[in-house]
Every structure is written in C-alpha cells, then in structure tokens.
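J.: Mind looking at a prediction? Sequence and model below.
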There are 2 protein chains.
Amino acid sequence: MQKNKTVPTLEWKNNAVRMIDQTLLPEKLKVIVVGDPAEMWRAIKRLAVRGAPAIGCAAAYGVVLGANKSTAKTGAVLLKDINKTADYLATSRPTAVNLFWALERMKAVAVAEKGLPVVALKKRLLDEAHAILAEDTAMCRAIGDNGAKLVPKRKGVFGILTHCNAGGLATSAYGTALAVIYSAFAQKKNIRVFADETRPLCQGSRLTSWELMQAGVPVTLICDNMSAQVMREGKIDMIVVGADRIAANGDAANKIGTYGVAVLARHHGIPVYIAAPSSTFDLSLADGSQIPIEERDGDEIRRGFGKLTAPKDVAVYNPAFDVTPANLITGIITERGVISAPTKAKIARMLK
Amino acid sequence: MQKNKTVPTLEWKNNAVRMIDQTLLPEKLKVIVVGDPAEMWRAIKRLAVRGAPAIGCAAAYGVVLGANKSTAKTGAVLLKDINKTADYLATSRPTAVNLFWALERMKAVAVAEKGLPVVALKKRLLDEAHAILAEDTAMCRAIGDNGAKLVPKRKGVFGILTHCNAGGLATSAYGTALAVIYSAFAQKKNIRVFADETRPLCQGSRLTSWELMQAGVPVTLICDNMSAQVMREGKIDMIVVGADRIAANGDAANKIGTYGVAVLARHHGIPVYIAAPSSTFDLSLADGSQIPIEERDGDEIRRGFGKLTAPKDVAVYNPAFDVTPANLITGIITERGVISAPTKAKIARMLK
C-alpha cells in the first residue's frame, strides 16, 4: 500500500527533517534536508511540502527543530523559545488549518511538560511530532481500507477517476483519495486510475500520476476537459477525490473542478466519493455556501507552464476551490467508516 | 466585426499562401509563407492553421500549390497530379469534414475542366480556391447575424461561454461561434465572453481571448475545470461553440471538452448552440458514433508548452474531439438560419 517504497513525503533523520521538494516533481525527485525553523518556514511557504496533513506534520517537526536549537537551561525558558518558534511557523501558510492545529498541540505538550529537564522535554516534543505523523498515517490507512471495500474484485478493469492530489504527497503517507486506491491495489483489485491534470497548478499530472506510477498503480493522465468523454466511453466506475473542508450538511469544498466532475458523474450514473479524515468536517458551517472560496493570481493561468499561454493582460477568473453539494455525493469515506448519501444527521452521528 | 484589421488568417499572395502561424500566438504574431503541398500538409498537421473552415481554405490553396508545381503538359496529366495532391493533403487531419469537402470540390473542378489548357486549368483552380474563401467569409457573416438574434439587448451583462477557438482564426474571417459574438457586440449588446482555456493546446487562452481582445470584446479567461463553477454562479446565459463535423441527426463533433460543457449547461439550464456552416454537416453519417475521433500525441499533455508537467512516460489518453449528442443541443446556427432542437428531419429540410 506504500505510495513510494523508498522515499517518504517527510521523515525525521539525523536530527533533521528530510522531505521531497514537491515543486520539482515530476522532473526531479530531490530530497531536501530541513535543519532549522527558518528553513521549514520557507519550505512550507514555497510549497516544497503541501497538502494540509503533510503541512501539519512538517510544522510539528519544525517546533522540534526550534527546541533543539535552543540553549535554554530550564524548561520555562525552553517553553518561551518553543512558543516563539510555533508562532513564527504559523505565519508560513495563514490559511492551513492543520498547521495551527499541529502547532497548538506541540505548544500544549510543552506547557504540560515544562517541569521536565530540557533534554527530556526536547525528547518529549520529538515523540509528539512522531505521534502526529503516526496518527496521520494510521488515519490514511483506515480511510484507504474503508474505501477499498467499495471497489469490487472483478475480472474487468474497474476505472477510478480522481482530481488534484489527495495522495501520499499531501499527507505523511498513503493520502486520502489515493489511500483508497493504494488499498484496493494492494488487495489485487483490477483497477485503472484516470488522473485529471488539474489546471492551473497541475497537481494531477505532476503529483498524482507520479506517485501512482512509483507505486506501480496503472494510471492514465487526461486533461480536465476529457473526463466527460472518458465517462461516456464507460471507462469510469467510481470517482474518488479529497476535500479541504466539509460543511455540517455534507457539502464539500475541494480543488476547483471537483464540482464539475460530480455533475458529469451524476449525468453518467457514476458514484462520487469524497475521502477525508473526520477532522475535515467543519460543523460550524451549516452548508457549503458558507465556505469561503479563495481566488488566486491570474498568472497561474496566463503563465501556467512558465511560458505565456494567454494575452498577458487578459482578464482571468481563478477560483482555487469549488463546493460539491451533498446531493451529488454518493458517500464520504472517513477513517471511522463511510457516510452514504450524507446528511446532517448521518454526519453528526458518525462524528459523535 | 473584423477579428483583426491588418492580418488575415490566410491569404493568397505572390503565388503562395501567407498565413498566421497560430502555434506562436499570443506571444508572437508571425506570418508564414507556404509555397508547396508538403509545407501545407505540415502546416495543417502541426496546427499552424486550424479550425475546420480555415483548414478547408488552406487545403484548397494547397491543391493550387500542387497544380502550379506540376510539369504536366496536358489537362489529363495535370488532373492526375491534382488528385495525388488532394489525396495527400486529406491525410493531414482526420476529423474535419471541411478538409475533405474542399479537396473534393477542387478535384471536381479539375475533372470538369480537364479539357482546358494547363495554364487555364491552373487559373481555374485558383479561382475556385478564392471562391471557397470568399464563400466562407460570407457564410461566417451570415452565421454571426443569425446567431446574434439569440442574444438579447438588455441592461444586465449577458454571459456567453465558448470553448476552443471557432473564431476568425479558425475561418477565413469572423469565425462561426465568435461570429455570433462579434455580430452581437457590433449591435452594442451588453455581453461578456468566458473563454475556456481548452487544454492541451490552449486555443481558448492563446487564440480566442487574443482575438476577442483585439476586437475589444469583454472576455474573461478560465481553466476548463472552472466552467461548472462559473455556470453555477449564474454568469453564463448561453453556450456557443463551433463544430468540426455534424451527423445527419445533429450529433456534433467539436474540440474535446465540448461534450462536458454541454452536459454541465444542461444541468444548469443554459442553452447550448453550435455555430457552423452547412458544409459541416455530413449526411452520410446517421449519428455521431460514426465520426472518427483523432487521438493525438501524449506529449501535448505531458509537455504542455515545452516544460514537462507530468512523468515523461506516463500513459496518456488524448482524444482531440468529442461528440455532443443532438439532445443536448438547443440549436445549430448556420448561414441559412437556426435549426432549433435539431432532428434528422429538420436538418434535412434546412439543407435542401
């Protein structure tokens, strides 16, 4: 089920974090060594590491790096340094929820254990970062196993379409949507993945198709505008995508284009699954209309491939996400189980 | 209404065809000179000239170039050379019916006039190519005027989404889908065009948004996977696209992604219009399942514009066209009028 047998998305080794520089994929698989909080801040900022769960893990280790650099002689002084590091790392990606969550968790451990000798407290922080990573891995694995049950074992190829990258590169390992695929593949199910390119940043072509190939999973890359045709040709039996935030009623925000895929899937009678840890639910939001949609720079579209592919001053609309309404979602795959035909009541029950 | 006041898409000058190299737009407006059939074959193949009607004009002139190179001393021998050239040019692109239509027309003239002295026959062929171009221009203008009647004059912005480039660059002038837009704009209707980028070759961003900006028409560029979101936001009142071939029942082949747009439009209650000259109909085909779909090289997707944006050996599916079934088409705008809710009988009646 491993996405990549040799190179993890990020790992702790020799008192530093080794992580894949995702901005260089797929042309170059380069592992960078991050040895202090400033380097970690830059790595998160420039998207060397991306995907909400992976950012959380990276930030937790960033706190450890800060603590280890500290020359504090007492727990109380060390605590001050830790808080400073955490607050600094929090400014790297101001919108990533898992970033704050992981940093708060590290700060809480430091507060609770500040009576320890500094060497022991530093060790305790490293253990906590390891725990965050291990929990993320276990959650992804559970999502994968729950989702794999939806993939039948059969002779004919079972086609799965995914959009963007909800894979091992976006988490500590396995991913969410791709965890379902890795798990089904490990169970020797006869699958083929169709990966949407996912303009403008091409996470589907650069990351998803790369990590699936590393794992030996059959994958075919298509442009976003080909998914309808591929569905019509009968090549797709299931849609699986991730989510960035899910409202109380099941409306799910994900990478721009997901909503269109869901509409097309409905037209072709293909089930649509969202795979996400239960921490993705935001029960404070009644429905998807309350999820703010980030609009990004137009040059991502005008100069998407480095080269200018549009008039340099053309007006551009570049929403980064869209919201798929719950009524187009067949089920939400979480680490706790699958919520079929999601409603507010079913979601509340699963999260209780 | 002119797409570009100074540089025509293609023209005959000094015994050669001068045409815009559309692969270099929008960064560079370069005119290439095509002097023999092999150069024309390559120009069509590599999409220096593209768009079904423009390919038809280019191919007709390609036959003239072949005839002019011929050293035949009699009409009968020249006819053989002409047929050879036409059959060769027919292999450049498989889907656009206008290519075959124009070549057949040139061959028919050669057959009818093979009794002429070779110099006169060559002149007659050139006149025929000129006629094809002039008819195309008049046809585009008529399509534009027929289609503009579907655009209301109103205070609020009327949003029109188009896909690929069915513009002045795809025809001798004005275009088909864009002719509707140019005509409505000339009538001072309050429109805004949303142009799909149209991966992999980005005709929407490179060509459509460029030529609309040249003409001063308000245009917003989006990625293909954003059209569903833009529709959902209520920004689109009408879809207008071109066609490469239309079967007897109204099923229409057009650039990959058109079918998906039509499904999304149906979901959002937005009318879908195909704008195409009546020469686009291929009544020998009962329905769209008989239209051959060109599959193009995977590197068009893997290496967008020079840079690798996917694993270099990833499997790719790259169909260049798809077929929108007649039941998703609100109307077909031709130079003869609009065929609403197209059926075999209505189409036959319009083409009689």
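T.: Okay, I see it.
J.: From now on I want contacts and neighbour counts done on CA atoms only, so please keep to that.
T.: OK.
J.: got the residues of the stretch 1-150 of chain A near chain B?
T.: A:26-27 (CA under 8 Å from any CA of the partner chain).
J.: and the closest residue to chain B within the stretch 1-150 of chain A, how many neighbours does it have?
T.: Proximity of the stretch 1-150 of chain A to chain B (CA to the nearest CA) peaks at A:Pro26, 5.5 Å away. The tally of other residues near A:Pro26 (other CA atoms under 10 Å in any protein chain shown) stands at 20.
J.: where's it relative to B:Lys312, distance?
T.: 8 Å (CA to CA, to the nearest Å).
J.: Could you do A:Leu121 as well?
T.: Relative to B:Lys312, and taking CA to CA, A:Leu121 is found at 47 Å.
J.: that older thread, secondary structure of the residue of the stretch 1-150 of chain A closest to chain B: a helix, I assume?
T.: No: per DSSP: H, G, I helix; E, B strand; the rest coil, A:Pro26 lies outside any helix segment and is coil.
J.: list the contacts for it?
T.: Neighbour list for A:Pro26: A:206-207, A:210, B:308-311 [criterion: CA atoms under 8 Å, 6 or more residues apart in numbering or on different chains].
J.: A:Leu121 and B:Lys312: who's more crowded?
T.: Neighbour tally, A:Leu121 and B:Lys312, criterion other CA under 10 Å: the higher count belongs to A:Leu121, 23 against 14.
J.: pull the helix or strand with minimum mean pLDDT from chain A.
T.: None of the helices or strands of chain A scores lower by mean pLDDT, DSSP states H and E than strand A:281-282, at a mean of 88.
J.: Which residues belonging to stretch A:46-57 are considered buried?
T.: A:48-57 (16 or more other CA atoms under 10 Å in any protein chain shown).
J.: Same question for stretch A:37-46.
T.: Of the residues in stretch A:37-46, those buried (16+ other CA under 10 Å) are A:37-38, A:40-45.
J.: got a list of contacts for it?
T.: A:34, A:49-50, A:55, A:58-59, A:62-63, A:65-66, A:85, A:88-89, A:92-93.
J.: In these, find the pair that's most separated.
T.: The distance between the two most remote of the contacts of stretch A:37-46 (CA to CA) is 20.6 Å, for A:Arg50 and A:Gly66.
J.: what comes into contact with the least confident helix or strand of chain A?
T.: By CA under 8 Å, 6+ apart, strand A:281-282 touches A:245-248.
J.: hang on, A:Cys57 is in a helix, isn't it?
T.: Yes: A:Cys57: assigned to a helix according to three-state DSSP.
J.: State the distance from it to B:Leu24.
T.: For A:Cys57, the distance to B:Leu24 - CA to CA - is 44 Å.
J.: cool, and A:Glu294?
T.: 32 Å.
J.: who has more neighbours, these two?
T.: B:Leu24 (15 against 11).
J.: Quick check: the more buried one vs chain A, distance?
T.: In this view, B:Leu24 and chain A are 9 Å apart by CA to the nearest CA, to the nearest Å.
J.: burial count for the closest residue to that residue other than its chain neighbours?
T.: Spatial nearest neighbour of B:Leu24, excluding adjacent residues (CA to CA, 6 or more residues apart in numbering or on different chains): B:Lys30 at 7.2 Å. Other residues near B:Lys30 come to 16 when the count uses other CA under 10 Å.
J.: Could you report the pLDDT at B:Lys30?
T.: We have a pLDDT of 96 for B:Lys30.
J.: The one 5 residues further on too?
T.: Model confidence at B:Gly35, given as pLDDT, is 97.
J.: part of a strand, is A:Ile239?
T.: Yes: A:Ile239 forms part of a strand when assessed by three-state DSSP.
J.: give the contact list for it.
T.: A:160-162, A:262, A:265, A:270-273.
J.: who's it bridged to?
T.: Beta-bridge partners for A:Ile239, by DSSP bridges, are A:Leu161, A:Val272.
J.: one step back: so of the buried residues of stretch A:46-57, which ones are in strands?
T.: Judged by DSSP state E, strands contain none of the buried residues of stretch A:46-57.
J.: those strands in the stretch 1-150 of chain A, which residues are they?
T.: For the stretch 1-150 of chain A, strands defined by DSSP state E, counting those that start in this stretch occupy the ranges A:10-13, A:16-20, A:31-34.
J.: highest average neighbour count across those strands?
T.: Most buried of the strands of the stretch 1-150 of chain A, by mean neighbour count (mean count of other CA atoms under 10 Å in any protein chain shown): strand A:16-20, with a mean of 20.
J.: List of residues touching it?
T.: With CA under 8 Å, 6+ apart as the criterion, strand A:16-20 contacts A:7-12, A:29-36, A:48-49, A:58, A:61, A:65.
J.: wait, A:Ile222 sits on A:Phe194?
T.: Yes: counting by CA atoms under 8 Å, A:Phe194 is a contact partner of A:Ile222 at 6.8 Å.
J.: Would you mind listing the residues touching both of these two?
T.: By CA under 8 Å, 6+ apart, no residue touches both A:Ile222 and A:Phe194.
J.: For the residue nearest to A:Asp297 when sequence neighbours are not counted, give its distance to B:Val261.
T.: Using CA to CA, 6+ apart and skipping the chain neighbours, the partner closest in space to A:Asp297 is A:Asn318 (6.8 Å). In this view, A:Asn318 and B:Val261 are 18 Å apart by CA to CA.
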